[in-house]
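**Q** Have a look; sequence and predicted model below, questions after that.
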Amino acid sequence: MKKPKVGIFDFACCEGCQLQIANIGEDVLDVLGSIDVVEWREVMSEKWGKNLDIAIVEGSITNPHAVKRIQRIRKKAKILIAYGSCATIGGVNGMKNNFNLDDIRKYVYGDSYRFFPTEMTKAVHQTVKVDYFVNGCPVYIPEFVAVLKAVLQGVPYYVPDYPVCVECKLNENVCMYDRKVTCLGPVTRAGCNAWCINNGNICYGCRGMVSNPNEKGAQDVLAKYKIPMDLILNKMNMYNKCRELG
Amino acid sequence: MDKRNININVEYLTRVEGHGNIVINVKEGRLDTCRLDIVEAPRFFEGMLRGRSIFEAQHITSRICGICACGHTLASIQAAEDALGITPTEQTIKLRKLLLHLEMLDSHILHIYLLVAPDLLGVKSFVPLINSHNEVVRRALRMKKTCNDMCDILVGRHVHPISAIVGGFTKLPRQSDLDAMLDMLKKMRTDMDATVELAASLKFPIFERDTEYVALISDDGEYPLLMGDIGSTDGVRMNKKDYKKITNEFVVPHSSAKHAKLSRESYAVGALARFNLNSEKLHPKAKEVATAVGLKPKCINPYLNTVAQLVESFHCLEDAISIVEDLKNTSLHYDEEIVVGLNEQHKIPVRADNGVGAVEVPRGILFHNYQTDKNGIITNANCIIPTNQNTGNIEYDMMELVPEILDKSDEEITLAIEMLVRSYDPCISCSTHLLNIKFVNK
């Protein structure tokens, strides 16, 4: 079988999800052995510029230049994978949408703000069609490998649509609400094996909201622990503000 | 030769973190334009932090950069704790120093092997090296994985650490974890020795330009990375609260851009700056390596920043081993494990104040500064990253280097300049605000 030509591209992001690939260690050579990476600016000087079988895209779409660039990549690629929270749900870049864009530009760049055009942050699928989603900030490598296998076999990958709590309970963690702090596990898509809660922190919602959250149940939990709705909404907006753009 | 025209335009410089362009224009043998443009899509982190809880600052600012996520975490926590008036425990400080060492090692290895070595071995990336230098690539990936695995144990993961937060750690390593880390660290020694051999076989370009180097300094005998005052090779010393007097942002004529300068037209931060200021405090093993590769302070060849990274890697490895051994011997206080969340339970008192964090991260000194209101909500934020401070210095290097190598071909000049920029290990994705961007209106 001919190895698929793969390009790895980044938009507004921290490039940490690309780094997760290098963090696989020597086994990355096996992953790279099943594909033909022809363009990856972060670690390669080689440039491709031709058609691709697979484009892996990290980062959010935040300015007019990025819109044109992602459209060009979409045209060239048979399969497009949105890779990491910034690409799949807008991620932390979405917090910008809480502000008037001119105001936030002036706050950061002062008088030079005009030189920094920006638009409302969008996830990749809010600009072009996306075929596969790898959620997470950062991505969870076992899930990335699962998605890559699905792509290579030409079958769909279904992101879990049940909450992080399911995985968290299986790991026998003490519920964060019982430890008297709020956690977004009940409304966030699973698939990370409750990574943050396993390490004593809370879920921040980086994998996006489940499509059908148990709102009544969540309200009951908030009422039981006397937690104001504002606090939870503000927390949800850390990663999930872009959901409002539809 | 005198009448030569050169027009070099490197769009999206590769093998650096983030997007940067190099523009060089020589008209009739005279250098006309020489720029490193930062073209990363701005993400407005400082703006976005306003209105967020001080207890969220670490989680958010870690996302500034995937390469130095732990460095941003530590600078952010330091700034937040400064604002809240928290003094971390001795155990917390040890663990934070360990975390910083692991990230420094991880980042330096990535830079030396995957980003710089391909240039010196005459290939375009590490991909051809998989065939020609398979063992070297495997070693690099193995060492990176080890650093990564140790971060997994210590803070849940390297890219966006989970358990390091304001006030301490949400999860502390168990005895078996410490044993595992110690084992991994000691095994790394063999690969590190092989790295010296590799470095000794590489030929770095010879180019010198005297400049001011800025890094943390201190009065004790420890190589300062996590804490200290800000110092320079021109004799400056200031408290971290005065960081703005160090960076001195100023506007360049004919440009809307700002540059950073201290005693001269520009300054440099990073491994070479730290080496130049604090080499006598390095671990003996690191000093040995410096002697073996011929690195002496004050070294003013910017290409040798990579060599300084190698020397520092030894320091970080050996000091990390000492810290883990120390933790094993003294046994950890598990009652220091904390659950904070967004401080819903008001476990940590908040106040209106202003806090600064100054931490040496792989690419140089990093500043975080937050102002909070009485409810612990961030009202102002400022982050100045190492690459922003270096960009002006890189441009001055280019201006001096290009006339020296005008007899070379365009390709050779381009490569020399690309390598120069890469030697600073620029992390452009980090660029929270683009201090040094220049716009030429043609």
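**A** Great, that's in hand.

**Q** Touching, A:Asn51 and A:Lys76? I think so.
**A** Yes - contact criterion CB atoms under 8 Å: A:Asn51 and A:Lys76 qualify, at 5.2 Å. All C-beta atoms are positioned from the backbone trio N, CA, C, and that covers glycine.

**Q** between the two, who's got more neighbours?
**A** Neighbour totals were compared for A:Asn51 and A:Lys76, and A:Lys76 leads with 16 against 11 (other CB atoms under 10 Å in any protein chain shown).

**Q** separation between B:Lys240 and B:Lys298?
**A** According to CB to CB, to the nearest Å, B:Lys240 and B:Lys298 sit 23 Å apart.

**Q** These two: which has the busier surroundings?
**A** Shown here are B:Lys240 and B:Lys298; by other CB under 10 Å, B:Lys240 has more neighbours (22 against 14).

**Q** count of residues packed around the nearest residue to that one once chain neighbours are set aside?
**A** Excluding the flanking residues, the one nearest B:Lys240 by CB to CB, 6 or more residues apart in numbering or on different chains is B:Ala358, at 3.8 Å. Neighbours of B:Ala358 under the rule other CB under 10 Å: 27.

**Q** same question, the one 5 residues further on
**A** Here the number of neighbours of B:Arg363 (other CB under 10 Å) works out to 29.

**Q** ok, now which ones touch it?
**A** Counting by CB atoms under 8 Å, 6 or more residues apart in numbering or on different chains, B:Arg363 touches B:68, B:107, B:269-270, B:385-387, B:390, B:424-427, B:430.

**Q** which residues are in contact with stretch B:131-149?
**A** For stretch B:131-149, contacts defined as CB under 8 Å, 6+ apart pick out A:22-26, A:28-29, B:102-103, B:105-106, B:109-110, B:113-114, B:117, B:121, B:123, B:126, B:129-130, B:157-158, B:184, B:187-188, B:191-192, B:194-195, B:198.

**Q** average model confidence for stretch A:195-214?
**A** Mean per-residue pLDDT for stretch A:195-214: 94.

**Q** My error: substitute stretch B:417-433 in the last question.
**A** Stretch B:417-433 comes out at a mean pLDDT of 74.

**Q** Any stretches of chain A with poor pLDDT?
**A** A:1, A:42-43, A:45 (pLDDT under 70).

**Q** can you map out the helices along it?
**A** A:16-22, A:28-34, A:64-76, A:85-88, A:101-109, A:141-153, A:164-170, A:195-198, A:215-224, A:229-240 (DSSP state H).

**Q** which of those helices sits most buried?
**A** helix A:85-88 (a mean of 33; mean count of other CB atoms under 10 Å in any protein chain shown).

**Q** Is it in proximity to chain B?
**A** No - Helix A:85-88 does not reach chain B (CB under 8 Å from any CB of the partner chain); its nearest approach is 8.5 Å.

**Q** Can you show me the CA trace of that helix as PDB?
**A** Only the C-alpha atoms of helix A:85-88 are listed here, as PDB (Å, rounded to 0.1, in the frame of the first residue of the first chain):
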ATOM      1  CA  SER A  85      -8.800  22.100  21.400                       C
ATOM      2  CA  CYS A  86      -7.800  25.200  19.600                       C
ATOM      3  CA  ALA A  87      -8.800  23.500  16.300                       C
ATOM      4  CA  THR A  88     -11.800  21.500  17.500                       C
END
